[in-house]
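Enquirer: Build me a model:
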Amino acid sequence: MQRRAFLKQTALGAAAGSAVLAAPAIAQEAPNLTWRLASDFPADAATLFAGATDVARCVAEVTAGRFTIEISAAGQLFQSGQALEAVQHRIVECGHAASARYFGTDPAICFDGGVPFGLNTRQMNAWMRQGEGLALTREAFGKYGILNFPCGYTGAQMGGWFRGEIKTLDDLRGLKVAADGFTGHILSRLGASPLEIPAGELHAALAEGLADGAVTIGPLEDERLALFDVARNYYFPGWWAGTQQLSLYVNQDAFAELPKSYQTALSLACAAASENMIATFDANNPQALRRLMSQGAQLKAYSRPLLQAAHEATVAACNELSANDAMFKKLYDSMLALRGNQIPWFRMAEGSFDNMMATLGSTGA
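Expert: So this is what the prediction gives:
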């Protein structure tokens, strides 16, 4: 109740300011316009937060400074996890978020971010830009009055940090694991207890035994958390995220009021932010992983039986959700169809090339 009251109160104050901007924006071809953006990421999550700053910079440059975007990091105007509601009620015009975390709001919109045992980065990009992904996820977001724009990719994630070893499914049962969204739902089906813990509090929670493990992004983002001295076991693969697509949520009415050139600038800015984010992760994750291991992180692989159990739990959950939610079923069926076509191709082409290079060896490997 307090959260909704705060959002409502903020909306009343914001409405007065936005009303002044809306009328000239419609009347002019290139009006001076300022939007507000709520990020679901703290400023110290540098690579994730940069998705929003890249969008703002690009939009300002393309429009010669006439269209600007003011960014609030998580914890400033809103807490992490409030971006969707803030955009829905036009407290802000746009927000930057990972949709997979909004499982509790609407499981269907998680496909905009990524689901366990889902798509990798290139498959997700193909589904969104050349398949049904963007049209279907926009249909799902329509009831919230939001247009979603792909705006960043993490690439394949790691499998989390744990205080103890996770050799079998029995080792996972009963553990308190910091995880939210769809991932938390599947972990609970496997017998773990998911907890919502802000990234900045993970180290203390693990050190004090309040949590036994934590789901994180990957080496580049994980370095700042320094979890290697309280939970040394660093697992892979991150079966819950072959990639995590981040999105810019845009209030539909606010977007409709923009001149066409500003709409195009915003769309292109999101595409540029997506490209820059995955390039940043790909370029820096290898060195970051080496640094983490030099400080005590112990790299370990999940066992095949555990991965099989997690996959079966995910399929069961998705089938149950599909039976009760037509939109979820539409998205799930579409994703499965694309994944079924893509995996054989990637395994034959990309996978065989990567395996060839790994086995033949190369200079500097």
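
Enquirer: how close does the residue minimising distance to the centre of the chain get to Q263?
Expert: Centrality entry for the chain: nearest residue to the mean C-alpha point is A98, 3.0 Å, by C-alpha atoms, centre = their mean. Taking C-beta to C-beta, to the nearest Å as the measure, A98 falls 24 Å from Q263. The way it works is simple: take the backbone N, C-alpha and C, and place the C-beta from them, glycine included.

Enquirer: cool, and R90?
Expert: Going from R90 to Q263 by C-beta to C-beta gives 17 Å.

Enquirer: neighbour count winner among those two?
Expert: R90 (18 against 15; other C-beta atoms under 10 Å).

Enquirer: Skip the chain neighbours and tell me the closest residue to that one.
Expert: Nearest residue to R90, sequence neighbours excluded (C-beta to C-beta, 6 or more residues apart in numbering): N251, at 4.8 Å.

Enquirer: who are the neighbours in contact with the one you found?
Expert: 87-88, 90, 92-94, 145-147 (C-beta atoms under 8 Å, 6 or more residues apart in numbering).

Enquirer: Go ahead and confirm the residue nearest to the centre of the chain touches L246.
Expert: Yes: the criterion here is C-beta atoms under 8 Å, and A98 meets it with L246 at 5.3 Å.

Enquirer: what do those two both touch?
Expert: The contact lists of A98 and L246 share G113, where a contact means C-beta under 8 Å, 6+ apart.

Enquirer: tell me the helices in the stretch 201-350 of the chain, going along the chain?
Expert: Assigned helices in the stretch 201-350 of the chain, in chain order: 202-207, 219-222, 252-256, 260-294, 304-324, 326-346 (criterion: DSSP state H, counting those that start in this stretch).

Enquirer: Counting by contacts, list what the third one packs against.
Expert: Under the contact definition 3 or more C-beta pairs under 8 Å, 6 or more residues apart in numbering; DSSP states H and E, helix 252-256 sits against strand 146-153.

Enquirer: Just confirm E70 contacts R36, I think it does.
Expert: Yes: between E70 and R36 there is a contact at 5.3 Å, judged by C-beta under 8 Å.

Enquirer: Which one of the two is surrounded by more residues?
Expert: Between E70 and R36, counting by other C-beta under 10 Å, R36 is the more crowded of the two (21 against 12).

Enquirer: A helix includes the more buried one, no?
Expert: No: using DSSP: H, G, I helix; E, B strand; the rest coil, the assignment for R36 is strand, not a helix.

Enquirer: Could you find the closest non-adjacent residue to it?
Expert: Counting by C-beta to C-beta, 6+ apart, V92 is the residue found nearest to R36 once chain neighbours are left out, at 4.1 Å.

Enquirer: who's in contact with the residue nearest to the centre of the chain?
Expert: Contact analysis of A98 by C-beta under 8 Å, 6+ apart lists 40, 113, 181, 244-247.

Enquirer: Looking at those, which are in strands?
Expert: Judged by DSSP state E, strands contain the following of these: 245-247.

Enquirer: Just put these in TSV and tack on pLDDT and distance to F353.
Expert: Below are these laid out as TSV (pLDDT from 0 to 100; distance: C-beta to C-beta, whole Å):
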residue	pLDDT	distance to F353
Q245	98	24
L246	98	28
S247	98	30
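
Enquirer: quick one on the thing from earlier: which one of the helices of the stretch 201-350 of the chain lies nearest to T154?
Expert: helix 260-294 (5.9 Å; C-beta to C-beta).

Enquirer: For the closest one, name the packing helices and strands.
Expert: helix 46-62, strand 146-153, helix 219-222, strand 245-251.

Enquirer: what's A60 in contact with, if anything?
Expert: 67-69.

Enquirer: Report the buried members of these.
Expert: By neighbour count, with 16 or more other C-beta atoms under 10 Å, these hold 67, 69 as buried.

Enquirer: May I see the contacts of A60 organised as TSV, with pLDDT and distance to Y102 added?
Expert: Below are the contacts of A60 laid out as TSV (pLDDT from 0 to 100; distance: C-beta to C-beta, whole Å):
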residue	pLDDT	distance to Y102
F67	98	27
T68	98	27
I69	98	22
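
Enquirer: okay, and for the chain, where does confidence drop off?
Expert: For the chain, the stretches flagged by pLDDT under 70 are 1-28, 361-365.

Enquirer: hey, which of the helices and strands packed on helix 260-294 is tucked in deepest?
Expert: Of the helices and strands packed on helix 260-294, the one with the most neighbours on average (mean count of other C-beta atoms under 10 Å) is strand 245-251, at a mean of 28.

Enquirer: tilt between that one and helix 46-62?
Expert: Angle of strand 245-251 versus helix 46-62, following axes from the mean of the first three to the mean of the last three C-alpha atoms, to 10 degrees, is 50 degrees.

Enquirer: Figure out how far strand 245-251 is from the centre of its chain.
Expert: Mean-position distance between strand 245-251 and its chain equals 10 Å (C-alpha atoms, centre = their mean, to the nearest Å).

Enquirer: What of stretch 229-242?
Expert: 17 Å.

Enquirer: circling back to that earlier point, which stretch among the helices of the stretch 201-350 of the chain comes nearest E132?
Expert: Of all these, helix 326-346 comes closest under C-beta to C-beta, at 4.6 Å.

Enquirer: Extract the C-alpha trace of the closest one and format it as CSV.
Expert: Only the C-alpha atoms of helix 326-346 are listed here, as CSV (Å, rounded to 0.1, in the frame of the first residue of the first chain):
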residue,chain,number,x,y,z
ALA,A,326,-3.5,-17.7,-23.3
MET,A,327,-0.9,-14.9,-23.7
PHE,A,328,1.8,-16.9,-22.0
LYS,A,329,1.0,-19.9,-24.2
LYS,A,330,1.2,-17.8,-27.4
LEU,A,331,4.7,-16.5,-26.4
TYR,A,332,5.9,-19.9,-25.1
ASP,A,333,4.8,-21.7,-28.3
SER,A,334,6.4,-19.1,-30.5
MET,A,335,9.7,-19.2,-28.5
LEU,A,336,9.8,-23.0,-28.6
ALA,A,337,9.2,-23.0,-32.4
LEU,A,338,12.1,-20.6,-33.0
ARG,A,339,14.4,-22.4,-30.5
GLY,A,340,13.7,-25.8,-32.2
ASN,A,341,14.8,-24.4,-35.5
GLN,A,342,17.8,-22.5,-34.2
ILE,A,343,19.5,-25.0,-31.9
PRO,A,344,20.4,-27.5,-34.6
TRP,A,345,21.8,-24.7,-36.8
PHE,A,346,23.8,-23.1,-33.9
